[in-house]
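Engineer: Sequence first, then the predicted structure:
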Amino acid sequence: MTNHASPAQIADFERRARENQMRLTANLKPSYDFIVCGGGSSGCVIARRLAENADCHVLLIEAGGDDAAESVLDPALWPTNLGSARDWGFQAVPSPHLDGRALSMAMGKGLGGGSSVNVMVWAHGHRSDWDHYAAESGDPAWGADAVQAIYRRIENWQGVPDPDHRGSGGPVWVQPAADPSPLAGALLDAAQELGIPRFDSPNGRMMAGAGGAAISDMLVRDGRRHSLYRAYLRPFADRPNLTILTDTLVRRILFTGRRATGVEIERAGEIRSIGVGSEVIVSTGAINTPRLLMLSGLGKRRDLARFDIPLVEHITGVGQNLQDHVAFCCTWEYRQPLAPRNNGSEATLYWKSRPELTAPDLLLCQVEFPVPSERTTALGVPEHGWTMFGGLAHPQSRGDVRLASSDPHAAPVVDPRMLSDPADVAAARACVNLCRDLGAAASFTPFVTREVIPGAGNPTDYRFLRDAAVTYWHQSGTARMGRDDLAVVDSTLKVRGVEGLRVADGSIFPTVPTGNIQAPCAIVGERAAQIIRDAYRL
């Protein structure tokens, strides 16, 4: 299906795709060349790229459903997905570093994964992120220059031309927020008042230096969400060699010795096994991926023994190194109500907590409505207001994901340990102070009457930080790429100690990328697909 299809052509494609998938899922094969577990931001990319070879039979398995809902397709309705059936609904354990609070760890469930329920922001990550990944993995193909070439190849950029950094004609429709709110313009002006430079785009030049401010890039097309499922997988749904199996749980990966030979799935109450001829690729996200690996016998020997899970390979790093962008919300009251536009978050800013840093360690986005935590609501929530959602781009705190049970339906234990490192507390204080300085800038005078949270005169102290802390839902790092004993995958994303198994999603990042992670997860998908295609000469 082309980008310029007529309504009649679109309707015909929809019919063919629906009928094709009904046939394929009703008559599952006993074995496929490749099985991709998870239809999220990375899994959709991998399944599409492998299925481009007509002789390659690909099965994609997704625990959630399709994306045919207004809460998904209407950019303004993204908050309604949180806590719904489209959210895994994970909850962190109560944290002593947050005065006993237990944060929501929302993750997308359904075709598109996070890219079908998130804020639609497209952020490349900083050059230093990718060069760090190249150094950790020992592979320059993960470096910034190589990754920039992939971005140019996959983008269909609709903003100011930038041939050095942005692409055209690729599957991913990316555009600056259309007709942004005047509040977004005020943020860019306020940033300049504070000496923070303004850019045409938050990607490209801006993310090669100290940072800056810009109107956000979004995966929105013709006023509708253009998720990575819509960009990559949906146009291939009519192919006879691509089976998209939704509402199906992968219970465990099956092994013969140390080789992955298939998966055990559960669908509509029925449990069955499906074999694989070449490889299983796990793309189920930074909470579900370590859980699935551990349920399959990959992890710490001692931890698996607690649940009588037969050990396939002792891999100590599975579930370790959990990272997320912890955020702190400051809120102002509007002088006059301003309705949110687009996704309600149209301006973004990256900057430094300390002047001596060479790359930004703070991530801020503007939200055009109040976003208090359950604790900061006590400070008062204006009927009409806006929020600076400021977070730590490079947190030093590390958490983990552990099994709670051998039951594949049981939620894992998620302990992000946010603010457990004192360096994060210092950076968080600088982050909140920057948010407050932006809101107090002259550029906002026409729009706001007062700071409500934390509130004028209230200090930026540890009590506020622990009460205000929430998450960007950018969970990463729990099956990290590297060359040391705690690495779970190597530079080709192969799981250490076994054959026929790779991990390709946000869990492989050694450190969480600077910014929203769906674009870096697309890169992981592209890299994984190319590595596999090269290995099997597809």
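Structural biologist: Thanks, I have the structure now. Keep in mind that this is a model prediction, so the values were computed, not measured. Residues are numbered from 1 along each chain as shown.
Engineer: How are the strands of the stretch 351-500 of the chain distributed by residue range?
Structural biologist: Assigned strands in the stretch 351-500 of the chain, in chain order: 362-367, 385-392, 400-402, 413-415, 448-453, 469-471 (criterion: DSSP state E, counting those that start in this stretch).
Engineer: Can I get the ones you listed in a markdown table including mean neighbour count, distance to residue 331 and mean pLDDT?
Structural biologist: Using the backbone N, CA and C atoms, a C-beta is placed for each residue, glycine as well. As requested, these are exported to a markdown table (neighbours: other CB atoms under 10 Å; distance: least, CB to CB, whole Å; pLDDT from 0 to 100):
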| stretch | mean neighbour count | distance to residue 331 | mean pLDDT |
| --- | --- | --- | --- |
| strand 362-367 | 26 | 9 | 96 |
| strand 385-392 | 26 | 5 | 96 |
| strand 400-402 | 22 | 31 | 98 |
| strand 413-415 | 20 | 27 | 98 |
| strand 448-453 | 20 | 4 | 96 |
| strand 469-471 | 22 | 12 | 96 |
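Engineer: Of all those strands, which one comes closest to residue 499?
Structural biologist: strand 400-402 (24.3 Å; CB to CB).
Engineer: where does the closest one sit relative to the chain's centre, distance-wise?
Structural biologist: 18 Å (CA atoms, centre = their mean, to the nearest Å).
Engineer: quick one: contacts of that strand?
Structural biologist: Residues outside strand 400-402 that contact it (CB atoms under 8 Å, 6 or more residues apart in numbering): 286-287, 290-291, 303, 319-322, 412-415, 417, 478.
Engineer: The strands of the stretch 351-500 of the chain into a markdown table, with extra columns for distance to residue 510?
Structural biologist: Formatted as a markdown table, the strands of the stretch 351-500 of the chain follow (distance: least, CB to CB, whole Å):
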| stretch | distance to residue 510 |
| --- | --- |
| strand 362-367 | 18 |
| strand 385-392 | 17 |
| strand 400-402 | 15 |
| strand 413-415 | 19 |
| strand 448-453 | 34 |
| strand 469-471 | 20 |
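Engineer: Of the ones you listed, which is nearest residue 505?
Structural biologist: Residue 505 lies closest, by CB to CB, to one member of the strands of the stretch 351-500 of the chain: strand 400-402, at 13.1 Å.
Engineer: quick one, helices of the stretch 201-350 of the chain?
Structural biologist: 228, 285-295, 301-306 (DSSP state H, counting those that start in this stretch).
Engineer: out of the ones you listed, deepest packed?
Structural biologist: The highest mean neighbour count among these, using mean count of other CB atoms under 10 Å, belongs to helix 228: a mean of 31.
Engineer: Flag every buried residue along the strand ranked longest in the chain.
Structural biologist: Taking DSSP state E as the criterion, the chain has its longest strand at strand 270-282. Residues of strand 270-282 classed as buried by neighbour count (16 or more other CB atoms under 10 Å): 274, 276, 278, 279, 280, 281, 282.
Engineer: for the fourth one, which residues make a bridge with it?
Structural biologist: It stands for residue 279. Beta bridges link residue 279 to residue 34, judged by DSSP bridges.
Engineer: Surely it and residue 260 touch.
Structural biologist: Yes: using CB atoms under 8 Å, residue 279 makes contact with residue 260 at a distance of 7.0 Å.
Engineer: which neighbours do these two share?
Structural biologist: If you check residue 279 and residue 260 against CB under 8 Å, 6+ apart, the residues they both contact are 500, 501.
Engineer: Just the pLDDT for residue 6.
Structural biologist: For residue 6, the pLDDT comes out at 83.
Engineer: Look at it and say how many residues are nearby.
Structural biologist: 9 (other CB atoms under 10 Å).
Engineer: could you check the distance from it over to residue 517?
Structural biologist: 36 Å (CB to CB, to the nearest Å).
Engineer: now do residue 333
Structural biologist: Residue 333 is 32 Å from residue 517, by CB to CB.
Engineer: Can you give me the buried ones in whichever strand or helix holds residue 149?
Structural biologist: Using DSSP states H and E, residue 149 sits within helix 144-154. The neighbour-count check on helix 144-154 (16+ other CB under 10 Å) flags 144, 147, 148, 150, 151, 152, 154 as buried.
Engineer: So what's the gap between stretch 441-453 and the chain middle?
Structural biologist: 32 Å.
Engineer: If you could redo that for stretch 362-373, that was the one I meant.
Structural biologist: Per CA atoms, centre = their mean, the centroid offset for stretch 362-373 relative to its chain is 18 Å.
Engineer: try stretch 60-70
Structural biologist: On CA atoms, centre = their mean, the centre of stretch 60-70 falls 16 Å from that of its chain.
Engineer: which residues are in contact with that stretch?
Structural biologist: Counting by CB under 8 Å, 6+ apart, residues outside stretch 60-70 touching it are 35-39, 43-44, 47, 73, 77, 85-86, 108-112, 116, 227, 229-230, 233, 242-250, 263, 265, 284.
Engineer: and the residue lying closest to residue 139 once chain neighbours are set aside, how far is that from residue 167?
Structural biologist: Nearest residue to residue 139, sequence neighbours excluded (CB to CB, 6 or more residues apart in numbering): residue 491, at 3.6 Å. With the distance defined as CB to CB, residue 491 ends up 24 Å from residue 167.
Engineer: what's the domain layout of this protein?
Structural biologist: 7-68+227-321+477-536, 178-215+325-401+414-472 (automatic domain parsing).
Engineer: Relative to residue 407, which of these is closest?
Structural biologist: Per CB to CB, nearest to residue 407 of the domains of the chain: domain 7-68+227-321+477-536, 8.9 Å.
Engineer: and the end-to-end length of that closest one?
Structural biologist: Domain 7-68+227-321+477-536 has an end-to-end distance of 38 Å (criterion: CA to CA, to the nearest Å).
Engineer: how far is it from where the chain is centred?
Structural biologist: Using CA atoms, centre = their mean, the distance between the centre of domain 7-68+227-321+477-536 and that of its chain works out at 15 Å.
Engineer: repeat for stretch 69-89
Structural biologist: The answer for stretch 69-89 is 15 Å, by CA atoms, centre = their mean.
Engineer: taking the mean pLDDT, what do you get for the longest strand of the chain?
Structural biologist: Strand 270-282 comes out at a mean pLDDT of 98.
Engineer: For that strand, C-alpha coordinates in PDB please.
Structural biologist: The C-alpha coordinates for strand 270-282 follow below in PDB (Å, rounded to 0.1, in the frame of the first residue of the first chain):
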ATOM      1  CA  GLU A 270      -5.100 -23.000  24.900                       C
ATOM      2  CA  ILE A 271      -1.400 -23.700  25.400                       C
ATOM      3  CA  ARG A 272       0.700 -24.900  22.500                       C
ATOM      4  CA  SER A 273       4.200 -24.900  21.100                       C
ATOM      5  CA  ILE A 274       5.500 -23.400  17.800                       C
ATOM      6  CA  GLY A 275       8.900 -24.200  16.400                       C
ATOM      7  CA  VAL A 276      11.400 -22.000  14.800                       C
ATOM      8  CA  GLY A 277      13.800 -22.800  12.000                       C
ATOM      9  CA  SER A 278      16.300 -20.000  12.500                       C
ATOM     10  CA  GLU A 279      15.800 -17.600  15.500                       C
ATOM     11  CA  VAL A 280      13.600 -16.300  18.200                       C
ATOM     12  CA  ILE A 281      13.800 -12.500  18.700                       C
ATOM     13  CA  VAL A 282      12.600 -11.200  22.000                       C
END
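Engineer: counting contacts, what elements does that strand pack onto?
Structural biologist: strand 31-37, strand 248-256, strand 259-267, helix 285-295, strand 501-503, helix 518-536 (3 or more CB pairs under 8 Å, 6 or more residues apart in numbering; DSSP states H and E).
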